[in-house]
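**Q** let me see the structure of the following:
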Amino acid sequence: MKTQIRPALTMLLIFTVITGVIYPLVVTGIAQIAFPHQANGSLIVIGGKAYGSELIGQPFDAPKYFWGRLSATGDFPYNTFNAHSLTASSGSNYGPLNPALMEMIQARIDALRAADPRNTLAIPVDLVTASASGLDPHISVAAALYQVQRVAAARRLSEAEVAALVEKYTEGRQFGFLGEPRVNVLLLNLALDKVQ
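**A** Numbers count the residues shown, from 1 in each chain. Next up is the predicted model:
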């Protein structure tokens, strides 16, 4: 029996050190050298102050800001500043025929119409539905353009100026062919704050 236990414990110790200590340290070291911005959370830091991450949606509801996708993570959407409230990535898991989903969509449609009653454009679907994770930092270009009129009026800027910022902050397809062009809401709103 000793002939089986000793090699088993030795292998357990060796693989614990390799996979639990050496491998994580090597991967972390490579990431810190090759991709320091991404390895540290892709934080947006301006003037020494962290405003959020490029990878996690932030809640905006003031008329002068572009609004992102709905979050299904509850009353306190996850972000770098309230992680202590134990919110996490989560979808609503509501099916397309669930009345609760329809109520959430209708409430968001009503909020968008109330915030910009002169806007007669069709509301893009990503402005009224949550993403699978509930943390999506991007909206479609159509969703950003839908909000240009409201944001321009609230900031007393021309629609052309705001539309130009949307175009400037539009990211292309991943690797040139995956997905659709998109706009990072936090980056766009920070750019708006610099303008006015």
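**Q** how about the residue positioned nearest the centre of the chain, nearest residue that isn't a chain neighbour?
**A** In the chain, the residue lying closest to the centroid (Cα atoms, centre = their mean) is P137, at 2.1 Å. If you skip the residues right next to it in sequence, P137 has G57 as its closest partner in space, 4.5 Å away by Cβ to Cβ, 6 or more residues apart in numbering. Quick note: C-beta positions are derived from backbone N, CA and C, even for glycine.
**Q** hang on, that neighbour in a helix?
**A** No - note on G57: no helix contains this position according to DSSP: H, G, I helix; E, B strand; the rest coil, which reports coil.
**Q** which pLDDT value goes with it?
**A** For G57, the model assigns a pLDDT of 81.
**Q** again, but for D110
**A** Taking D110 on its own, its pLDDT is 92.
**Q** again, but for G74
**A** Residue-level confidence at G74 comes out at 55, pLDDT.
**Q** got the domain ranges for this protein?
**A** The chain breaks down by automatic domain parsing into domains covering 1-40, 43-195.
**Q** which of these sits most buried?
**A** Among the domains of the chain, judged by mean count of other Cβ atoms under 10 Å, the one packed with the most neighbours on average is domain 43-195 (a mean of 16).
**Q** quick one on the thing from earlier: next one: phi and psi at the residue nearest to the centre of the chain?
**A** Its backbone dihedrals place P137 at phi -80, psi -10, with angles given as degrees, to the nearest 10.
**Q** quick one: residues contacting it.
**A** For P137, the contacting residues are S53, E54, L55, I56, G57, Q58, G68, N184, V185, L186, by Cβ atoms under 8 Å, 6 or more residues apart in numbering.
**Q** repeat that with 6 Å
**A** With contacts defined as Cβ atoms under 6 Å, 6 or more residues apart in numbering, P137 is in contact with I56, G57, N184.
**Q** can I get those residues in JSON lines with distance to I30?
**A** Listed next are these as JSON lines, based on distance: Cβ to Cβ, whole Å:
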{"residue": "I56", "distance to I30": "24"}
{"residue": "G57", "distance to I30": "28"}
{"residue": "N184", "distance to I30": "26"}
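**Q** return the member of those residues nearest to L165.
**A** Distance to L165, by Cβ to Cβ, is smallest for N184 among the contacts of P137, at 11.9 Å.
**Q** for that closest one, which residues make a bridge with it?
**A** Under DSSP bridges, the beta-bridge partners of N184 are H138.
**Q** begin at 23, not 1, for the rest of this chat.
**A** Sounds good: first residue 23 from here, last item N206.
**Q** mind checking how far T38 is from V147?
**A** 48 Å (Cβ to Cβ, to the nearest Å).
**Q** give me the distance between the closest residue in space to L210 that isn't next to it in sequence and E76.
**A** Residue nearest to L210 in three dimensions, not counting chain neighbours: Y191, with 4.5 Å by Cβ to Cβ, 6+ apart. For Y191, the distance to E76 (Cβ to Cβ) stands at 11 Å.
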